[in-house]
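>>> sequence and computational prediction follow.
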Amino acid sequence: MDRQLNSELKKAMGPAIRRITARHLLKYGAAGLALALGLAAIAHAVSFFVPYEGAWTISVAAMPLVLVFLAAGWLTRPTIYDAARAVDRLGLQEKATTALELSGRDDAFAIIQRRDAIDSLKRLDPRKISINIPKYFYYVIALLVLSIGVLSMVPNPMDTVIERRKQVQDQLEDELDKLVDAVEERAQEDGLTNEQKQALLEEIKELSEKLKGIKDYKEALKEVSKTEEELNSLLKDIAGEKLNELANELAGHEITKSLADALKSLDPGKIQEALDELKEVLADETEGEEAGKTKGEEAAEKLKDALGKVAQNLPSGSIKEGLVNIVEDLETGESTDEALESLKDLLENRAGTKNTSGEVKYAMQKIRKKLSDEIGSGEQIAGRDQDSGKPGNEGGQGGDKEGNEGKNNGNSDNNGEGNQSGENGQNGQGGQNGNSNQSGQNGQGGQNGSGNQSGNNGQNGGGIGTGSNGIEHIYDPDRLGDGGEISHVPGQNTGKGDNEQNENSGIGNLDGYIPYKQVIGQYESEAINSVERRALPKSIEAIVREYFASLDD
Amino acid sequence: MEQRIQGFKDTVLSIEQEISKEMIGVKGIIRHVLIAVISGGNVLLEGVPGLGKTRLVKTLANVLDLEFKRIQFTPDLMPADIIGTNILVKDEQGNSVFKFQPGPVFSNLVLADEINRATPKTQSALLEVMQEHAVTAAGVTRRVPEPYFVLATQNPLEQEGTYPLPEAQLDRFMFKLLIDFPTLEELGAIVDLTTGKEQQKAGKVADAGLLLELRDIAMEVPIAKPVMDYALRLVMNTHPGKDTTPEAVNTYVRYGSSPRGAQALIQGARVRALMEGRFNVSFDDIRNIAYPALRHRVFLSYQAVSEGKSPDDIISEIIRVTNE
């Protein structure tokens, strides 16, 4: 009897339990949905302030929360006791709860009470147990769906930023590919070993990894600078090895022994001295040991033989090719002066700072330019970042008019903004303007730049100076970098002085500075207006027009 | 047994109907008095004179066919006048011996009319018999007949020359019932009933044995744990200073209910459930019984009195804030 009643009781409670469980699961599902939609709405809202593409991804990824909540709801589903309490609240006056508690008893009262509870449960319309979730869930879900809809329809200003970033990323990848090509080309040209090539490519690979998805272009610029330094260092080492190899070969011949010593010392002065000595020997007009030949001609013969043997012994590469060319020149009766000049160029190219591939440098410059453009365009905070370095003060004092050693120890943290316009000892004014850059760190073109290195220039490091009131401070984002190192630019004409210039490439604090591209148009139109108003002397008009035309190029 | 359980409601209903023949407009009071009587508890009826308190008790005694005694409490009433005393009498041999002369408490149903007019000493004479159903006189304890109830009345208006019942005495009453003035219709019916030539008389529908049987049945009514827990929390919440105590209790209550309050609550709820035709106690039963069972056990502070708060106000607040 007792067992039968218990079974009847549970059966009678069945519909109630099912509806209560359904309501419970619906509530959990709705809560999960509300949470998922909330996350999606937040993701969409944030995408209006932070440039990222993951709003829809987050929205979709949040949807399984509904299942998680449903699973949680199932795990915490109402027990039969909970169902009894719920049913009792519908007017059963605690009959169901009491009946469940009495399910172990079979005394008269327990039996009567259970029967009463079962009868009441049977009379109860299960539909009285609402499976509707609270209304506020509907409101919240509707509101969130509406928010997401509105947010996804309203044009998002960050989309352009994301698009721009993608473009920059693509362009950076292109430039990195070009950099790889340049390195491989250099490796081919100079006959680099596989290890040397791999070391260079490894640096580029690391840079490529670091630049992937980078959002802070200032940081990216730093990474580029670091890689550039590493590449320079590696190329310098490689060049040193090659030079050493050449020096060893040259040392095996009497005629080139002093040149080999000078080359080993890596002292441009000594190299020049050795070449001068060689020049004097080759110019010796006195009669030589061999009949009909001057000592100079004999020496030229020896030099030809020596260089020929050296070329033979060297692995293939640009040095070998250079030497072969000089030998051929000497064989074809080229003047020894020209041959020496070629040898000088070859040695200079292998010594000192002229060891970096122009293509490599150019590719790095393009990457820097791209990043600087982005910083300059104000998309990134770098240009305005207070953490940036201080704007460079006026650069160091240039060399004096006598062409003595000019020092350019500017404190600029900025990448030497432009003008190295120091007075030139020998060649007068305007040694380097703008694009010229011996160090290869800054400016365009490196060795191939349009600048005009002329002698031992005193240089006035420009830098982004402190400026004075009333002056609009502009800068060229292309030329921003970081760090900076002191490099020595050997003087060519006097052979004495060399310029010490701070090769600054830090971004600097650009507060108050405007990228020149933003104002150049205005400057140009003002200048043209001035020309048209005839406010400028006629002689200046052409210069002004030419200047702005050159900028357009 | 099942038939007796099923018949409980009908029996009580018939008792109510019989009492209602002589009592108009006090259905709630009749029900609560019956609940207390079936539970074996004493009742304190409070109301102005002329509302039929004494008549109710007399009718009840008649319908239940119980021996009924009435004690009119006055300031000069002595304990011996209530419980009885030893008197000197001649035995069959002519010797003088003391014989116990039982007082009016030796009855099934005792009406202590205007109980607050007697001195505390005399009121205290009722303590033992109300709780123990026994009387001790001259060192001898004598039991009173079962079932035994004390139904006391008191007039809330007349305060002069009265002695408010001490807390210990109040706690002996299972219920305290407040009899309100009847409505206009009820008053008319009362006048009709009592001034006509032929007055309806309530008949006997039960006896002491049946009453004891009903009490036994009521003792077995099951109560679910949540309901029991709710009742106990209600009682706990009458005490100021507890974690769950409502602010009103902290402010207006000096002392809360004794455990007898909880007993009265549960037992009264059991009887009410049966009277409602149910075989289990519900939250509604507890809430319904809370007022008569707790109102004389919640002792208000002076602030409550000065602000016109009644114990019923406090109980309402406790019910409001106590979750099922």
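Sure, I can see it. Numbering: from 1, shown residues only, chains lettered A, B, ... in the order given.
>>> where does pLDDT dip in chain A?
By pLDDT under 70, the low-scoring segments of chain A are A:1-5, A:333-334, A:348-359, A:377-473, A:475-512, A:532-535, A:537-539, A:549, A:552-553.
>>> close to chain B: what parts of it are there?
A:85, A:88, A:93-95, A:97-99, A:101-102, A:107-113, A:116-117 (C-beta under 8 Å from any C-beta of the partner chain). Yep, even glycine has a C-beta here, placed from its N, CA and C like the rest.
>>> just the buried subset of these, please.
Buried members of the residues of chain A next to chain B, counted by 16 or more other C-beta atoms under 10 Å in any protein chain shown: A:85, A:88, A:93-95, A:97-99, A:101-102, A:108-113, A:116-117.
>>> is it correct that residue A:246 is in contact with residue A:320?
No - using C-beta atoms under 8 Å as the test, residue A:246 is too far from residue A:320 to be in contact (9.4 Å).
>>> now list whatever residues contact both of these two.
Residues touching both residue A:246 and residue A:320 (C-beta atoms under 8 Å, 6 or more residues apart in numbering or on different chains): residue A:314.
>>> more neighbours: those two, which one.
A direct count of neighbours by other C-beta atoms under 10 Å in any protein chain shown for residue A:246 and residue A:320 places residue A:246 higher, at 27 against 18.
>>> and the chain, what are its domains?
Going with chain A. As assigned by automatic domain parsing, chain A contains the domains A:2-153, A:161-350, A:516-553.
>>> hmm, no, I was thinking of chain B.
B:1-75+B:108-220, B:221-324.
>>> so can I have TSV of those domains showing mean pLDDT?
Putting those into TSV (pLDDT from 0 to 100) gives the following:
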stretch	mean pLDDT
domain B:1-75+B:108-220	85
domain B:221-324	91
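>>> closest one to residue A:347 among these?
For the domains of chain B, the distance to residue A:347 is smallest for domain B:221-324, at 94.9 Å, taking C-beta to C-beta.
>>> roughly how far out does the closest one sit from the chain middle?
17 Å (C-alpha atoms, centre = their mean, to the nearest Å).
>>> could you find the closest non-adjacent residue to the residue most central in space within chain A?
Nearest to the mean C-alpha position of chain A, by C-alpha atoms, centre = their mean, lies residue A:220 at 3.0 Å. Spatially, and ignoring its direct neighbours in sequence, residue A:220 is nearest to residue A:214 (4.7 Å; C-beta to C-beta, 6 or more residues apart in numbering or on different chains).
>>> and for residue A:73?
What sits nearest to residue A:73 in space, not counting adjacent residues and going by C-beta to C-beta, 6+ apart, is residue A:28, at 2.9 Å.
>>> does anything pack onto the helix or strand hosting the one you found? Which helices or strands?
Take DSSP states H and E as the rule and residue A:28 turns out to sit in helix A:2-46. Helices and strands touching helix A:2-46, by 3 or more C-beta pairs under 8 Å, 6 or more residues apart in numbering or on different chains; DSSP states H and E, are helix A:55-62, helix A:64-75, helix A:80-87, helix A:95-101, helix A:108-123, helix A:135-153.
>>> so the residue of the stretch 201-350 of chain A found nearest chain B: helix, strand or coil?
Here the stretch 201-350 of chain A gets closest to chain B at one residue, residue A:215, 53.6 Å apart by C-beta to the nearest C-beta. Of the three states, residue A:215 takes coil according to DSSP: H, G, I helix; E, B strand; the rest coil.
>>> quick check, it in contact with residue A:166.
No - between residue A:215 and residue A:166 there is no contact under C-beta under 8 Å: 11.8 Å.
>>> could you check how far the nearest residue to residue A:15 once chain neighbours are set aside is from residue A:91?
Distance criterion C-beta to C-beta, 6+ apart; nearest residue to residue A:15, sequence neighbours excluded, is residue A:126 at 3.7 Å. For residue A:126, the distance to residue A:91 (C-beta to C-beta, to the nearest Å) stands at 13 Å.
>>> so for these two, which sits in the more crowded spot?
Remark: of residue A:126 and residue A:91, residue A:126 carries more neighbours, 17 against 10, as counted by other C-beta under 10 Å.
>>> residue contacts, that one?
The neighbours of residue A:126, taking C-beta under 8 Å, 6+ apart as the test, are A:15-16, A:18-19.
>>> the helix or strand in which residue B:33 is found near chain A anywhere?
For residue B:33, the element it lies in under DSSP H and E is helix B:27-39. No - applying C-beta under 8 Å from any C-beta, one finds helix B:27-39 out of contact with chain A, separated by at least 15.9 Å.
>>> so which elements touch that helix?
Using 3+ C-beta pairs under 8 Å, 6+ apart: helix B:27-39 touches helix B:2-22, strand B:42-46, helix B:53-63, strand B:149-154, strand B:173-178, helix B:208-219, helix B:259-275, helix B:283-294.
>>> report the distance from the shortest one to the chain centre.
Centroid separation for strand B:42-46 versus its chain: 4 Å, with C-alpha atoms, centre = their mean.
>>> now do that strand: everything it contacts.
B:29, B:32-33, B:36-37, B:53, B:56-57, B:115, B:130, B:149-156, B:165, B:170, B:172-179, B:296.
>>> tell me the buried residues within those residues.
B:29, B:32-33, B:36-37, B:53, B:56-57, B:115, B:130, B:149-155, B:165, B:170, B:172-179, B:296.
>>> just the C-alpha atoms of stretch A:242-252, please, in PDB.
Only the C-alpha atoms of stretch A:242-252 are listed here, as PDB (Å, rounded to 0.1, in the frame of the first residue of the first chain):
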ATOM      1  CA  LYS A 242      86.400  39.200 -46.600                       C
ATOM      2  CA  LEU A 243      88.800  42.100 -46.100                       C
ATOM      3  CA  ASN A 244      91.000  39.900 -44.000                       C
ATOM      4  CA  GLU A 245      91.000  37.300 -46.600                       C
ATOM      5  CA  LEU A 246      91.900  39.900 -49.200                       C
ATOM      6  CA  ALA A 247      94.600  41.400 -47.000                       C
ATOM      7  CA  ASN A 248      96.200  37.900 -46.400                       C
ATOM      8  CA  GLU A 249      96.300  37.300 -50.200                       C
ATOM      9  CA  LEU A 250      97.800  40.800 -50.800                       C
ATOM     10  CA  ALA A 251     100.400  40.200 -48.100                       C
ATOM     11  CA  GLY A 252     101.800  37.400 -50.200                       C
END
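>>> buried ones in it?
Of the residues in stretch A:242-252, A:242-243, A:245-247, A:249-251 count as buried by neighbour count, 16+ other C-beta under 10 Å.
>>> which ones are touching residue B:107?
Contact analysis of residue B:107 by C-beta under 8 Å, 6+ apart lists B:66-69, B:144-145, B:148.
>>> A helix includes it, no?
No - using three-state DSSP, the assignment for residue B:107 is coil, not a helix.
>>> by proximity to chain B, which residue of the stretch 151-300 of chain A wins?
Residue nearest to chain B within the stretch 151-300 of chain A (C-beta to the nearest C-beta): residue A:151, separated by 41.5 Å.
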